[in-house]
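Visitor: dropping a prediction and its sequence here:
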Amino acid sequence: MCITGIDDLIIRVLDRRQTDEDLQSFLDWYHTSEENKQLFFQLKDIYERRKGGLYPDEQAISASWGRLCDKMERKHSRTTIWAMAAAVFLALIVSGILFLTGREEVRWVEVETAPRSEPRPVLLSDGSTVLLNASSKLKYPEKFKGESREVYLDGEAFFTVAGDKRRAFIVHTEQQDVRVLGTQFNVQGYSSDPHTITTLITGKVKLLTYSRSHQLNEEIEMLPNQQLYFDKQRNDASLSRIDPSETVTWMSGVYSFRDAPLEEITRRLGKVTGIAFIVPDELARKEKYTGKFFSNQSPQEIAAVLNFKGQFRTESRNDTLFLLKR
């Protein structure tokens, strides 16, 4: 690899799987030079463009990255390899040249929303509608064919599914499928998150969870006003009864949290704003907050709310904001 081990370390940090030692190593490396900061943002951009089930996992990225670096090292200096590799990988991942298999016969449409974008409505060929949240990606066929209606989601969306008793409607996210005939439900299923949250508003759904090796874990039937929290790392699903109105406030630009850990809040707000909030202190990440945020708030306004007790000092650069314990 171009720089031994650092790409794996950055991926663990972006995927929120880092240990305390990992995080300290990352911060030491990040602050060493301006070049390291540039490389972090390039790999971060590439990583966040992955799509659940459509683009490669970490192992595939590292393997392909290594092959590209081997070729480039013959012609270019070490200091320029990462920047060039990032640009090439970004172009290839966006266009799908490296990773699409070409096995689908139907014509697929991909819709992607930017951070801070307004919820985007999507009308499917069967009359079903999808409201797509910011920083989300939806892949669906121009026209549904066969015995099922299948779409792929990386992000958050609210689905209103047209009734069709002959063909199930299936929403694929990373390690989870939601199967329905006609109903309303919300799915928060970003591939970079350690969990998926599904909330049923009306109707009835069957939810299937899978391990990282794609083995079926369990099938769960949900009823209205129920929410299923699936921990993808532990392969653990928990079902609870909730007030669904708080779950869908994002459609009007409001993000509500009740006794939520700071790491969950910053992760969710990061998807909306396009800002990476990094909290190095583990105890601070676990501290719980209750409150509301709005999609039109600036990163500085969000940081000021989170820092209402003055427990942090903030450092920002481009699209990353560090909340450092005083």
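Guide: Cool, got the structure.

Visitor: hmm, which helix or strand of the chain has the shakiest average pLDDT?
Guide: helix 78-95 (a mean of 46; mean pLDDT, DSSP states H and E).

Visitor: direction included, what does whichever helix or strand comes after that helix pair against?
Guide: Once the chain leaves helix 78-95, the next helix or strand it forms, by DSSP states H and E, is strand 108-112. With DSSP bridges as the test, strand 108-112 is paired with strand 137-141 (antiparallel).

Visitor: then the helix or strand following the partner strand to CSV, C-alphas only?
Guide: With elements assigned by DSSP H and E, the helix or strand that comes after strand 137-141 is strand 148-160. Output in CSV follows, covering the C-alpha atoms of strand 148-160 (Å, rounded to 0.1, in the frame of the first residue of the first chain):
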residue,chain,number,x,y,z
SER,A,148,-41.2,-8.3,-6.6
ARG,A,149,-40.6,-4.6,-6.5
GLU,A,150,-37.0,-4.0,-5.2
VAL,A,151,-35.1,-0.8,-4.3
TYR,A,152,-31.8,-0.1,-2.6
LEU,A,153,-31.3,2.5,0.0
ASP,A,154,-28.2,4.0,1.6
GLY,A,155,-29.4,6.7,3.9
GLU,A,156,-32.8,7.7,5.2
ALA,A,157,-36.2,7.7,3.5
PHE,A,158,-39.9,7.7,4.1
PHE,A,159,-41.8,5.2,2.0
THR,A,160,-45.5,5.2,1.0
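
Visitor: strand partners (parallel or antiparallel) of strand 148-160?
Guide: Going by DSSP bridges, the partners of strand 148-160 are strand 129-132 (antiparallel), strand 137-141 (antiparallel), strand 168-173 (parallel), strand 184-189 (antiparallel).

Visitor: I'd like the average pLDDT over the shortest one.
Guide: Here strand 129-132 scores 96 as its mean pLDDT.

Visitor: and stretch 142-159, by the same measure?
Guide: 93.

Visitor: what's the burial count for Arg171?
Guide: No, residue 171 isn't Arg; it's Val. 26 (other Cβ atoms under 10 Å). C-beta here means a position set from N, CA and C on the backbone, and glycine is covered the same way.

Visitor: against Gly155, how distant is it?
Guide: 11 Å (Cβ to Cβ, to the nearest Å).

Visitor: now Glu221
Guide: For Glu221, the distance to Gly155 - Cβ to Cβ - is 25 Å.

Visitor: check Ile278 too.
Guide: On the measure of Cβ to Cβ, Ile278 and Gly155 end up 21 Å apart.

Visitor: what bridges to Lys325?
Guide: Beta bridges link Lys325 to Phe312, judged by DSSP bridges.

Visitor: Provide a list of residues in contact with it.
Guide: Counting by Cβ atoms under 8 Å, 6 or more residues apart in numbering, Lys325 touches Pro280, Asp281, Ala284, Gln311, Phe312.

Visitor: pick out the most distant pair among the residues you listed.
Guide: Pro280 and Gln311 (13.0 Å; Cβ to Cβ).
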